[in-house]
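# just to be clear, the model below is a prediction. Sequence and coordinates:
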Amino acid sequence: MKFIPIQDGQWDRQPYFDHYFKQNRCTFSMTANIEITLLLGELKKRGMKLYPAFLYMLSRIVNAHVEFRMDIREEKVGYWEQMSPCYTIFHPENHTFSAIWTEYSSSCRSFMELYREDQLRYGESMGLFTKKDMPPHTFSVSMIPWVSFTGFNLNLDHGGSYLLPIITGGKYFREGKHVLLPVSLQVHHAVCDGYHAGMFLQELQQLADTCTDWMD
């Protein structure tokens, strides 16, 4: 997958990047409850699971906005032409997990099939990285389905230079007639502001609300 370096003087965000990357490095996270009532109903009718649908929705948003595809390769700042999700699979047998990736497809049906193939091949394999040769154009997703958290933050030792988003989902819960899924988005302030994080979560809600349009 192609990595596209940003040319000097051709980036409106350059002074913000310099400030939050070179002078005052910082990351931040934002957590919101996404209503998935309709989404769960549609998935149940179609015999589909929430996790791969969640991965598809996240990947669709990441690939729609360059801010969520920013990276540094060979000391050059740029963005990936397309990204795929790297996600965790829990092993209840020994309470460990594996991190695998599935190549992104803009078609939900195609992505679900690729996900299914990866689960059949790697789903029961123990180990941290069981699908070899993970490409660099991946972003991280995990689920904590045991807790309906109100906030989540992942503290990376090298977090000051890691530009890609990190997304974590929690245990969905009922609030009246609605089903809500807590989702935490962690980003680097050098490439994303509150506007971008808010836009990400708003678009995630929109995809949940319009699931009948993109599932077919």
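Perfect, I can see it now.
# same for the lengthiest strand in the chain, what does it pack against?
In the chain, with assignment by DSSP state E, the single longest strand is strand 178-188. Where contact means 3 or more Cβ pairs under 8 Å, 6 or more residues apart in numbering; DSSP states H and E, strand 178-188 is packed against strand 27-35, helix 37-46, strand 166-170, strand 173-175, helix 194-209. (C-beta placed from N, C-alpha, C; glycine too.)
# now with 7 Å?
If contacts are counted by 3 or more Cβ pairs under 7 Å, 6 or more residues apart in numbering; DSSP states H and E, strand 178-188 sits against strand 27-35, helix 37-46, strand 166-170, helix 194-209.
# any idea how far residue 188 lies from residue 47?
Computed as Cβ to Cβ, to the nearest Å, the residue 188 to residue 47 distance reads 38 Å.
# more crowded one of these two?
residue 188 (23 against 6; other Cβ atoms under 10 Å).
# who does the more buried one bridge with?
residue 27 (DSSP bridges).
# return the alpha-carbon coordinates of the longest strand of the chain using CSV.
The C-alpha trace of strand 178-188 is given here as CSV (Å, rounded to 0.1, in the frame of the first residue of the first chain):
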residue,chain,number,x,y,z
HIS,A,178,-31.8,2.1,23.6
VAL,A,179,-28.6,0.0,23.4
LEU,A,180,-25.4,1.9,23.8
LEU,A,181,-21.8,1.0,23.0
PRO,A,182,-19.0,2.9,24.7
VAL,A,183,-16.2,3.7,22.2
SER,A,184,-12.9,5.4,23.0
LEU,A,185,-10.8,7.1,20.3
GLN,A,186,-7.2,8.0,21.0
VAL,A,187,-5.3,10.2,18.7
HIS,A,188,-2.2,12.4,18.5
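# residue 115 is in what secondary structure piece?
Using DSSP states H and E, residue 115 sits in helix 108-122.
# got the angle for that helix vs helix 37-46?
70 degrees (axes from the mean of the first three to the mean of the last three Cα atoms, to 10 degrees).
# and the following helix or strand past helix 108-122, what's its mean pLDDT?
Reading on from helix 108-122 to the C-terminus, the next helix or strand found by DSSP H and E is strand 138-144. On average, the pLDDT along strand 138-144 is 97.
# what does stretch 99-119 give?
Mean pLDDT, stretch 99-119: 96.
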